[in-house]
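Student: mind folding the following:
(2 chains)
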Amino acid sequence: MAGHTHESNKRIWIVLAILSIITAVEVGLGIVKPDALHLHGPGTSWLNWIFIILTLAKAYYIAWAFMHLEGEKKWFRRSIVWTGVFLICYLLFIVLLEGDYLYETLAPLIKW
Amino acid sequence: MEANIAVNSDNKETWSGGGVKPFGASYGKMMMWFFILSDALTFSGFLAAYGLTRFKFIDSWPIADEVFTHVPFFHGNYPMYYVAFMTFILIVSSVTMVLAVDAGHKMQQKKVALYMFVTIVFGLIFVGSQAWEWKTFIKGSYGAVKTTDNKIIQFVKNGEQIALADFVKDSRADGRVQHSRKNGLWFTNEATISQYSVAQVQEAFKNDPSLQVRSEKIDLATKKKIVLSREESLKQVAKAKLVVEGANLIDNEYGNPIFADFFFFITGFHGFHVFSGIVINIIIFFNVVLGTYEKRGHYEMVEKVGLYWHFVDLVWVFVFTFFYLV
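Tutor: Next up is the predicted model:
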């Protein structure tokens, strides 16, 4: 908490710049949608992977710099981050796999 | 060493939990973090459910940058610019919140009040933008038709989607009026009726050979909605049972009904968080102005609402990605 007060202002502006640039890149890619990235990729498109990674980067900066997790005690930080990350990964694994199964099972039955 | 002793509330330190600070964090701050964790899991549940549904309908889900194409005061097709602006507003409001917390550490009452105020203003701009997004989404821009097998078909001319009003010339002529409790059966009413009748749209479509129909189905090789041939289009239009304009929880002109349901539910739940964040910020703003924290000797309360406010920003980053980008 204390001791960061002089350094922190500069860091805030840097983080703002990073977050703005990432958002601009995301929107740019979302509008242009280059075919090479949009139509190919493992599991989902490369473009989607880029969006997800950039989003996680943004989340990292918001949580670490703005919410000041970087200044908390290590195990307090871990009690929050590890719990959330583990449960969310678990949920996504089950639910998205199930969604794909539903598609494979039901899509052939839909008449277009 | 006294971590497991209940704190006596008579010592007027209820909100800080007394002097007990496990992990170096005060009681209030720690509980705010654990609340945020549980709230994050709630949002994850919603977004995961959205993901499941989207995977389930992967070959027919509406394409986001064809749905969200509007910017206030501008006509034309501007996919995502406005949402990007909203994202930027929220990030900037996070920065002013950090500056407020920082000023709090330095015990600068006036600066804290100023930055809190700016944060509130940015929050209001965001909520206003979201309300506008909802209005645009509900009103719709093209209109579509629902067929007897519950598929949404949209109208296309020269490869571009066109609105019903672009090819249906006359106004509604079948004399159909909205049924309400006042003028019909007292125990029932109905939603706003569409601008055109089904028969009118079918007639206009038949008369213009340059029109085609776009189905919900996506060509997975090009990731574009499939446009049907003129013959196929006529067959689909003959099956029309309902003219859909805009969106509600039952039908929407964009495609699958559950797409609009998730839009309303997830952005609505997030918008409600922003709204409550603004209310809490206003309360804390007044406490700052009244000198409550000056008397208390520290501005930790600003830090705690700051955490909540940043969390709202954090969630929006994910909503933005999974609703508008992916």
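Student: residue B:217: what secondary structure?
Tutor: Three-state assignment for residue B:217 (DSSP: H, G, I helix; E, B strand; the rest coil): strand.
Student: which residues touch it?
Tutor: A:112, B:59, B:60, B:225, B:226 (C-beta atoms under 8 Å, 6 or more residues apart in numbering or on different chains). Every C-beta, even on glycine, is put in place using the N, C-alpha and C of the backbone.
Student: next helix or strand past the lowest-mean-pLDDT helix or strand in chain A?
Tutor: When each helix and strand of chain A is scored by mean pLDDT, DSSP states H and E, helix A:5-32 comes last, with a mean of 88. Using DSSP states H and E, the helix or strand that follows helix A:5-32 in sequence is helix A:35-38.
Student: packing partners of that next one?
Tutor: helix A:46-61 (3 or more C-beta pairs under 8 Å, 6 or more residues apart in numbering or on different chains; DSSP states H and E).
Student: what residue spans form the domains of the chain?
Tutor: You didn't pick a chain, so chain A it is. If you go by automatic domain parsing, the domain ranges for chain A are A:1-71, A:73-112.
Student: my bad, chain B
Tutor: B:32-140+B:259-325, B:144-245.
Student: any chance of a markdown table for these, columns distance to residue A:35 and mean pLDDT?
Tutor: Compiled in a markdown table, these are given as follows (distance: least, C-beta to C-beta, whole Å; pLDDT from 0 to 100):
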| stretch | distance to residue A:35 | mean pLDDT |
| --- | --- | --- |
| domain B:32-140+B:259-325 | 15 | 94 |
| domain B:144-245 | 9 | 90 |
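Student: right, so those domains: which one is the most enclosed?
Tutor: Highest mean neighbour count among the domains of chain B (mean count of other C-beta atoms under 10 Å in any protein chain shown): domain B:32-140+B:259-325, with a mean of 19.
Student: before we move on, back to that, okay, the domains of chain B in CSV with distance to residue A:42 next?
Tutor: Formatted as CSV, the domains of chain B follow (distance: least, C-beta to C-beta, whole Å):
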stretch, distance to residue A:42
domain B:32-140+B:259-325, 15
domain B:144-245, 15
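Student: host element of residue B:132?
Tutor: Going by DSSP H and E, residue B:132 is part of helix B:109-139.
Student: show me what secondary structure element comes after that helix.
Tutor: strand B:144-147.
Student: who are the packing partners of that next one?
Tutor: Identification of packing neighbours for strand B:144-147 by 3+ C-beta pairs under 8 Å, 6+ apart yields strand B:152-157, strand B:240-244.
Student: tilt between the last one and strand B:152-157?
Tutor: Computed with axes from the mean of the first three to the mean of the last three C-alpha atoms, to 10 degrees, the direction of strand B:240-244 lies at 80 degrees from that of strand B:152-157.
Student: mind exporting strand B:240-244 as CSV, just the C-alpha atoms?
Tutor: Listed next in CSV are the C-alpha coordinates belonging to strand B:240-244 (Å, rounded to 0.1, in the frame of the first residue of the first chain):
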residue,chain,number,x,y,z
ALA,B,240,-43.4,-16.8,-43.7
LYS,B,241,-45.6,-16.6,-40.6
LEU,B,242,-44.4,-13.5,-38.8
VAL,B,243,-42.7,-10.2,-39.6
VAL,B,244,-40.0,-9.5,-37.0
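Student: adjacent strands (with direction) for that strand?
Tutor: strand B:144-147 (antiparallel) (DSSP bridges).
Student: other residues contacting the strand it pairs with?
Tutor: Here strand B:144-147 has contacts from B:152-155, B:164, B:198, B:201, B:236-237, B:239-245, B:251, B:253-254, using C-beta under 8 Å, 6+ apart.
Student: 10 Å instead?
Tutor: The contact list for strand B:144-147 (C-beta atoms under 10 Å, 6 or more residues apart in numbering or on different chains) reads B:151-155, B:161, B:163-164, B:194, B:196, B:198, B:201-202, B:205, B:213-216, B:235-246, B:251-255, B:257.
Student: circling back: in the least confident helix or strand of chain A, which residues are buried?
Tutor: A:8, A:12, A:15, A:16, A:19, A:22, A:23, A:26, A:27, A:29, A:30 (16 or more other C-beta atoms under 10 Å in any protein chain shown).
Student: stretch A:49-59 now?
Tutor: So for stretch A:49-59, counting by 16+ other C-beta under 10 Å, buried means A:50, A:51, A:52, A:54, A:55, A:58, A:59.
Student: pLDDT value on the third one, please?
Tutor: Model confidence at residue A:52, given as pLDDT, is 96.
Student: list the contacts for it?
Tutor: Taking C-beta under 10 Å, 6+ apart as the test, what residue A:52 contacts is A:44, B:318, B:321, B:322, B:325, B:326.
Student: isn't the fourth one right next to residue B:49, touching?
Tutor: No - in this structure, residue B:322 is not within contact of residue B:49 by C-beta atoms under 10 Å, at 11.2 Å.
Student: what's the overlap in contacts for the two?
Tutor: With C-beta under 10 Å, 6+ apart, residue B:322 and residue B:49 have common neighbours B:262, B:266.
Student: give me the distance between residue B:280 and residue B:318.
Tutor: 21 Å (C-beta to C-beta, to the nearest Å).
Student: quick one, what contacts the spatially closest residue to residue B:315 that is not a sequence neighbour?
Tutor: Leaving out its chain neighbours, the residue that sits closest to residue B:315 by C-beta to C-beta, 6 or more residues apart in numbering or on different chains is residue B:43, at 5.2 Å. Residues near residue B:43 by C-beta under 10 Å, 6+ apart: A:88, B:266, B:269, B:270, B:273, B:311, B:314, B:315, B:318, B:319.
Student: next up, phi/psi of residue B:43, please.
Tutor: phi -60, psi -40 (degrees, to the nearest 10).
Student: report how many residues lie close to the closest residue to chain B within chain A.
Tutor: With C-beta to the nearest C-beta as the measure, residue A:99 is the residue of chain A nearest to chain B, at 3.0 Å. As a burial measure, residue A:99 scores 21 neighbours (other C-beta atoms under 10 Å in any protein chain shown).
Student: where's it relative to residue B:76, distance?
Tutor: In terms of C-beta to C-beta, residue A:99 sits 35 Å off from residue B:76.
Student: same deal with residue B:269?
Tutor: 31 Å.
Student: wait, residue B:59 touches residue A:107, no?
Tutor: Yes - here residue B:59 reaches residue A:107: they are 6.2 Å apart, a contact under C-beta under 10 Å.
Student: okay then, goodbye and thanks.
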